[in-house]
Each structure stands twice: as C-alpha cells, then as structure tokens.
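Undergrad: Okay, sequence plus prediction incoming.
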Amino acid sequence: MVVLDLQEQPTNMQIHTIPAGPLETNVFLIDNGAGEALIIDAPPGGYEAAMAVAQEKGLAVKALLLTHGHFDHVLDTARYQEAGIPVYVHRDSEEMVRDPASAMPFPMPGIELDTLEWGSDDQILEEETTLTLAGLNIQVLNAPGHCPGSVIFHVADLKAAFVGDVIFYRSVGRTDLPGGNGSVLFDSIRTKVFTLPDETLLHPGHGPLTLVEEEKQFNPYSFYD
Ligand SMILES: [Zn+2]
Ligand SMILES: [Zn+2]
C-alpha cells in the first residue's frame, strides 16, 4: 500500500482545497509563496470561500482556471470577472460557462443560471498549451470524455495536476451527461493522466486527492481491456 503524504510540497507554495456548492465541488487555491494565487474552478458559493483564504493570506488572485463547463464548476465565474480576475476556459466549454442554462443536465432548485460575457482579459484556450501565471508553468492537456471541453492543468513544479471530473480517488467521471463518452474518457485517462509522473498528486473536482501511481494500481476500472 502506498501511503499518501499530502503534506509534502516541493517549495513554500501551498495548495488549499475548498469544497463548495451543492455537489461539494473542490475549489483549489494555489498560493505561489510570493504573494500571488491562482484559483481552479468556480462552483456556486466558492468565490467567497476562496477569496476569504486569499484575503487572510494577503494574496493577489491572478487568474481563474476552469477544468470544464459543468454548472457545479463554473457558476461563480462572473464574480471573478467582476473582481477583475481573468478567466481561462477551453473553447469547448466556453458556451456552457457563458450560458449555463444551455448545459444544465437536470434541474437544481435555488440555483441561478445567469449568462455572462467574456471580457478582454479572459482567455479561450484553443489547443494544448503551457500557460505561465503567477510564476508557475501550467501545462494544459485536453482530456475529453466526461465533457467535451474537459482539461487537465498540470503543474510539474508542484507535482500536481488539477483533473476536474476526469478521474477521482478510486473512481472516474460520469459519462452519461451530454457530450460524455466512456471510451473517450478511458483514452484520456490512459494518455493524459497515467502518462504523468507517478508521484503526481491528482486534485479531482470532487472528493479526496490521490496519486497517479495509486490510481494505476488501485482504481477499480480496467483501462486496458
Ligand atoms: Zn463535471
Ligand atoms: Zn463536477
């Protein structure tokens, strides 16, 4: 059994995990150790929680990165825009973020679905690329299957990857929502997750963190049949 050492960080950087919203979506706040922060995903209610951490630590938030367009990851996006924080989103997710009602798979009472407009600082990601934000190199990997616009943000310097709903601790993302495809998802897991270094700490959109090495060994799904 591999033991997870979640305390180990290669630098003075820190990653905060902040579950928020009706589906307990993980917001991740990366503190770069030099007064700046990046935030991954924007579930409803996550903005206040993440900004409270940033404020407490005196961090300037430089960008919001969205793993995919599902409502439970994006409904607070406009709040970040209003605060002058640029948003990064894959082109196949941008319509779902701009018009969340267009992609609502099931009714969620009490959830507001306001449309938004992209600002000049926002970035639509057209292809796999490497971003440099807050002094960190962030490799953007396309990983469709759960959702056509799913991406993984891999930060090699942190030995961390933010995988959205592609793979979870001992599980995988659902593929029964519009645009979902099980064989495409498994292909993404084989070629985009399991090719990361074994010691990469995976930060899924829901539930606990895990390691590439552990999911290769213990994930109950068979990816190579
Ligand atoms: Zn999702
Ligand atoms: Zn989700």
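TA: That came in fine, so what should we check first? Ligands and ions are numbered 1, 2, ... in the order given.
Undergrad: Residue 50 belongs to a helix, doesn't it?
TA: Yes: assigned with DSSP: H, G, I helix; E, B strand; the rest coil, residue 50 falls within a helix.
Undergrad: Pull the number of nearby residues for it.
TA: A total of 27 residues lie near residue 50 under the criterion other CB atoms under 10 Å. In short, each C-beta sits where N, CA and C put it, glycine included.
Undergrad: confidence score at it?
TA: According to the prediction, residue 50 has pLDDT 98.
Undergrad: now swap in residue 94 and tell me
TA: Per-residue pLDDT puts residue 94 at 96.
Undergrad: With adjacent residues omitted, what lies nearest to it?
TA: residue 124 (5.3 Å; CB to CB, 6 or more residues apart in numbering).
Undergrad: try residue 90
TA: residue 149 (4.1 Å).
Undergrad: secondary structure element for the one you found?
TA: Assigned by DSSP states H and E, residue 149 belongs to neither a helix nor a strand.
Undergrad: now the one 5 residues further on
TA: Of the helices and strands defined by DSSP H and E, residue 154 is found in strand 151-155.
Undergrad: And that strand, what does it pack against?
TA: Using 3 or more CB pairs under 8 Å, 6 or more residues apart in numbering; DSSP states H and E, the elements in contact with strand 151-155 are strand 136-142, strand 160-164.
Undergrad: tell me the angle of the first one relative to strand 160-164?
TA: Pointing back at strand 136-142 there. With axes from the mean of the first three to the mean of the last three CA atoms, to 10 degrees defining the directions, strand 136-142 sits at 40 degrees from strand 160-164.
Undergrad: quick one: strands adjacent to strand 136-142?
TA: Strand 136-142 pairs in its sheet with strand 129-133 (antiparallel), strand 151-155 (antiparallel), by DSSP bridges.
Undergrad: Ok, which of these comes nearest ligand 2?
TA: Nearest to ligand 2, of all the strands paired with strand 136-142, is strand 151-155, at 13.6 Å by CB to the ion.
Undergrad: and this structure, which residues reach ligand 1?
TA: With CB under 5 Å from the ion as the criterion, the chain meets ligand 1 at residues 70, 165.
Undergrad: quick one: low-confidence ranges for the chain?
TA: Applying pLDDT under 70 to the chain picks out residues 1-11.
Undergrad: what ranges do the strands span in it?
TA: 14-20, 25-31, 36-40, 60-65, 87-90, 123-125, 129-133, 136-142, 151-155, 160-164, 167-168, 171-172, 201-204, 210-211 (DSSP state E).
Undergrad: In CSV: the ones you listed, plus mean neighbour count and distance to residue 115.
TA: Formatted as CSV, these follow (neighbours: other CB atoms under 10 Å; distance: least, CB to CB, whole Å):
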stretch, mean neighbour count, distance to residue 115
strand 14-20, 17, 21
strand 25-31, 24, 20
strand 36-40, 25, 21
strand 60-65, 20, 17
strand 87-90, 24, 14
strand 123-125, 16, 16
strand 129-133, 13, 26
strand 136-142, 18, 25
strand 151-155, 24, 22
strand 160-164, 27, 22
strand 167-168, 26, 30
strand 171-172, 20, 31
strand 201-204, 24, 28
strand 210-211, 24, 35
